[in-house]
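Novice: got a predicted structure here, sequence first:
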Amino acid sequence: LRLLSIALLGFLVGCQQEDQSFDYSEACSSVVHDYAYLRDQTDGQGVANLFTDEGSFSIFGETFSGRQAIKQRVLGAEVGPVTRHLISTIDIESKDPGKARGVSYVTVYIGPRSDSINPIEVEGFAGIGEYHDRYVIDAGECLIESREFIPVFTYQDKSDNKQSSWRRTRRCRYGRAAED
């Protein structure tokens with residue numbers, strides 16, 4: 001019994017040391033960048049795989065729960081405008097083993113789809129906001145448990161008081177916002 005207790009204690013200490021050596025910031029920051037790239041490529045399956053099975057994504061008052069719903073939301077944007085999500089500030093914190101929280105800043109540019117090989121002209125950024133994320137570490141992989149987009153700034157052309165294309169094109173196929 002004593003030998004079993006020592007073995008169990010060694011196992012538990014080993015698990016704690018393994019978790020302490022996991023770099024939450026690096027692993028979860030990679031997920032933030034992967035999301036931006038995969039979202040711009042309208043890779044619905046790739047984006048969905050960044051979330052837990054029951055993961056959720058909330059934007060403009062709507063919540064998409066589960067990988068299938070998240071995948072369909074991204075695939076629905078294939079007919080919408082071209083987007084580029086530029087990630088800047090990323091802050092990841094972990095207070096509990098296997099869990100982390102993060103905030104990242106995103107600037108979104110939106111332009112019309114085109115078959116041209118020339119660059120697409122845009123009015124300015126469509127919006128700047130924050131992703132508020134909760135992460136779960138599963139088998140050494142950081143996955144998004146929940147993500148909420150919080151808009152902070154939108155672009156408005158002062159010359160003719162036009163709103164940004166973000167606001168004008170918020171509704172797309174399925175009546176949902178095309179941007180995130």
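Specialist: Structure received. Numbers count the residues shown, from 1 in each chain.
Novice: okay, CA-based contacts and neighbour counts for the rest of this
Specialist: Noted.
Novice: pLDDT of the helix or strand harbouring residue 31, averaged?
Specialist: In this assignment (DSSP states H and E), residue 31 forms part of helix 24-40. The pLDDT scores in helix 24-40 average 97.
Novice: list the buried residues for it?
Specialist: 24-25, 27-29, 31-33, 35-40 (16 or more other CA atoms under 10 Å).
Novice: just the pLDDT for residue 6.
Specialist: Value for residue 6, per-residue pLDDT: 55.
Novice: go on, residue 71?
Specialist: Value listed for residue 71 in the pLDDT field: 98.
Novice: coming back round to it: of the buried residues of helix 24-40, which is the nearest to residue 56?
Specialist: For those, the residue nearest residue 56 by CA to CA is residue 35; the value is 13.6 Å.
Novice: quick one, what contacts the closest one?
Specialist: 47, 50 (CA atoms under 8 Å, 6 or more residues apart in numbering).
Novice: now do it against residue 121, distance only.
Specialist: Look at residue 35 and residue 121: by CA to CA, to the nearest Å, they are 24 Å apart.
Novice: please pull out the lowest mean pLDDT helix or strand from this protein.
Specialist: Among the helical and strand segments of the chain, the one scoring lowest on mean pLDDT, DSSP states H and E is helix 165-168, with a mean of 48.
Novice: in a strand, that's where residue 47 is, yeah?
Specialist: No. Checked against DSSP: H, G, I helix; E, B strand; the rest coil, residue 47 lies outside a strand; its state is helix.
Novice: run a quick neighbour tally on it.
Specialist: 23 (other CA atoms under 10 Å).
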